[in-house]
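**Student:** Quick one: sequence and predicted model below, then my questions.
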Amino acid sequence: MAERTVYCTLDDVQRWVKRVQFSDSTKITPSDINVWIQLESNIIDGELRKMGITLPISSSATISLNVLKLLISFKVAALAEQTANFGANKNQSGHGKWLDKQYLNLLSQIQQNPCILSDVVTVSIKHMKSDTEDMLEDGTKEGNEIFTKKHIDDFRDAHKVLSPSEQTSTSESITGEIPKSKI
């Protein structure tokens, strides 16, 4: 069975929720927080896998673990704040909205720039392209792609090494034949 990673603790979440100290007698219990931390950690693990990051993340990857701790603590604190406030006031908490916005912003930054998690192992090959991926046969977007069929054909024709049976157009062309005077 795969190892389960939890990226933050109850204290990390409590740091963002000042109005309520979580206990067994409060509306949101430490058990609730721990369940939410595990669920959100599982969701983030899915996002990390999608980005090609090898899981579980090593304990030596302190930069990434701190970023993920902040990410999960934002989300779980937002859930706790919204749950506590909605039950009492029947409307959303401004602080809960802010925490959720911070979570979404940080998640978006990680998705757009996985290098934020600079000390993790990745197995992604998304940055690699095939040799014909940017080649267009019809040339409809020429100039936007890296390689066009015309550029490839021009390069091939300009750098072609002729076989001995092919005619050369100039006397300085390389034919592959060795003149008898040089033997």
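**Tutor:** Yes, it's here.

**Student:** Show me which positions of the lowest-mean-pLDDT helix or strand in the chain end up buried.
**Tutor:** In the chain, no helix or strand scores lower on mean pLDDT, DSSP states H and E than helix 149-158, which sits at a mean of 80. By neighbour count, and taking 16 or more other CB atoms under 10 Å as the criterion, helix 149-158 has no buried residues at all. Every C-beta, even on glycine, is put in place using the N, C-alpha and C of the backbone.

**Student:** what's the answer for stretch 26-42, then?
**Tutor:** By neighbour count with 16+ other CB under 10 Å, stretch 26-42 contains the buried residues 28, 32-34, 36-38, 40-41.

**Student:** Closest one of those to residue 107?
**Tutor:** If you rank the buried residues of stretch 26-42 by distance to residue 107 using CB to CB, residue 40 comes first, at 10.6 Å.

**Student:** That closest one should be in a strand, yeah?
**Tutor:** No. The assignment for residue 40, made by DSSP: H, G, I helix; E, B strand; the rest coil, is helix rather than a strand.

**Student:** Verify the stated contact: it with residue 74.
**Tutor:** No. With contact defined as CB atoms under 8 Å, residue 40 and residue 74 do not form a contacting pair (9.5 Å).

**Student:** With distance to residue 148 and pLDDT as added columns, please give the buried residues of stretch 26-42 in a markdown table.
**Tutor:** Below are those laid out as a markdown table (distance: CB to CB, whole Å; pLDDT from 0 to 100):
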| residue | distance to residue 148 | pLDDT |
| --- | --- | --- |
| 28 | 59 | 89 |
| 32 | 58 | 94 |
| 33 | 56 | 95 |
| 34 | 56 | 95 |
| 36 | 52 | 96 |
| 37 | 51 | 96 |
| 38 | 51 | 95 |
| 40 | 46 | 96 |
| 41 | 46 | 95 |
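
**Student:** Strands along this structure, start to end?
**Tutor:** If DSSP state E is used as the criterion, the chain turns out to lack strands entirely.

**Student:** Using the record's domain definitions, break this structure down for me.
**Tutor:** Annotated domains of the chain cover 10-116, 129-183 [automatic domain parsing].

**Student:** in this protein, which spans are helices?
**Tutor:** Taking DSSP state H, the helices of the chain run over residues 10-14, 30-50, 62-89, 94-112, 149-158.

**Student:** And the domains of the chain, which one averages the lowest pLDDT?
**Tutor:** Lowest mean pLDDT within the domains of the chain: domain 129-183, at a mean of 64.

**Student:** quick revisit: now, which of the buried residues of stretch 26-42 sits nearest residue 86?
**Tutor:** Each of the buried residues of stretch 26-42 was scored against residue 86 by CB to CB, and residue 28 proved nearest at 11.2 Å.

**Student:** For that closest one, which non-adjacent residue is closest in space?
**Tutor:** Nearest non-adjacent residue to residue 28, counting by CB to CB, 6 or more residues apart in numbering: residue 80, 5.1 Å away.
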